[in-house]
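Enquirer: curious how this folds, go ahead:
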Amino acid sequence: MAITPDRLCELYPRVYHMAEEGAWDSIRQRGLLSTTALLDLFEIHGNDRIPIESQHRPQSVILRHPVHGQVVIRDQIPMRESSLRQCLVNMTPRQWYEFLNRRTFFWMTEERLLTLLAARAYRDRTHCVLTVDTTRLVAAHGDRIRLSPINSGSTIYRAQPRGRQTFRTLPEYPFEERRRLRGVRSAIAEMCVDYGVPDIANFIIRVAHMRGPAETEVILE
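Expert: Numbering: from 1, shown residues only. Here you go, the predicted model:
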């Protein structure tokens with residue numbers, strides 16, 4: 001059985017996005033943009049896009065533009081390509097990277113956010129965490145929202161099969177089946193929006209810098 005927008009917002013009233021430290025000013029001005037959207041905005045063309053958009057990014061990448069300034073595209077450290085090749089279904093790694101890079105992602109629970117903040121690759125760095133009102137986000141962008149049962153950007157631990165069918169619309173998502181097996185907190189792992197959320201500032205509840213589980217600065221509340 002699927003999940004309705006009202007039920008989704010009732011069970012997950014807030015969703016979370018982890019960005020680079022200091023990213024809020026850029027996000028507030030431009031919106032929350034996917035990697036593909038940023039490459040388009042910063043006029044990165046042809047072969048220059050491939051290492052950023054179509055291959056694994058072991059490190060963050062800085063983009064600079066004479067008009068738009070500077071942004072950081074975050075690394076993909078939790079994605080191990082050897083494991084990715086084994087768990088992909090009817091897709092190549094390049095297709096998967098391009099598929100993910102076209103989307104902006106949100107964690108459905110604070111627990112999942114804190115797990116990522118505590119991961120070895122990220123726990124010693126400061127991150128900008130956006131807390132977003134799910135109801136307003138879904139009302140504005142529900143037709144472009146997809147749900148995933150797994151952490152699609154990680155293949156470190158017991159990489160689960162993944163492909164185009166990993167992300168489903170609300171009417172397609174097997175919520176009740178997963179709720180019975182995993183409980184509400186684990187029934188949905190991620191929410192994503194195609195290409196970007198240019199009006200993300202309209203849905204923000206809170207913006208803070210965090211290092212591990214600790215807030216180091218509240219930017220907006």
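Enquirer: in contact with I77, which residues?
Expert: Contact partners of I77, counting by CB atoms under 8 Å, 6 or more residues apart in numbering, are 58, 121-122. Just so you know, the C-beta spots here come from the backbone N, C-alpha and C atoms, and that holds for glycine as well.
Enquirer: need these in TSV with secondary structure and neighbour count, can you?
Expert: Formatted as TSV, the contacts of I77 follow (DSSP: H, G, I helix; E, B strand; the rest coil; neighbours: other CB atoms under 10 Å):
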residue	secondary structure	neighbour count
P58	coil	10
A121	coil	11
Y122	coil	19
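Enquirer: from those residues, which has minimum pLDDT?
Expert: Lowest pLDDT of the contacts of I77: A121, 86.
Enquirer: tell me the secondary structure at the closest residue to that residue other than its chain neighbours.
Expert: Residue nearest to A121 in three dimensions, not counting chain neighbours: I77, with 4.3 Å by CB to CB, 6 or more residues apart in numbering. Taking DSSP: H, G, I helix; E, B strand; the rest coil as the rule, one finds I77 in the coil state.
Enquirer: OK, contacts around the residue most central in space within the chain?
Expert: Computing the C-alpha centroid of the chain and ranking residues by CA atoms, centre = their mean puts F105 first, at 2.0 Å. Neighbour list for F105: 17, 152-153, 190-192 [criterion: CB under 8 Å, 6+ apart].
Enquirer: I73 too?
Expert: By CB under 8 Å, 6+ apart, the residues touching I73 are 35, 38, 52, 57, 60-63.
Enquirer: for it, give its distance to Q59.
Expert: Applying CB to CB, to the nearest Å, the value for I73 to Q59 is 10 Å.
Enquirer: also Q76?
Expert: The gap separating Q76 from Q59 is 9 Å, by CB to CB.
Enquirer: the more surrounded of those two?
Expert: Shown here are Q76 and Q59; by other CB atoms under 10 Å, Q76 has more neighbours (22 against 10).
Enquirer: hmm, back to that, which of the contacts of F105 tops the neighbour count?
Expert: Neighbour counts for the contacts of F105 (other CB under 10 Å) peak at M191, which has 26 neighbours.
Enquirer: which one is that residue nearest to, not counting chain neighbours?
Expert: Among residues not flanking M191 along the chain, F106 sits closest, at 4.6 Å (CB to CB, 6+ apart).
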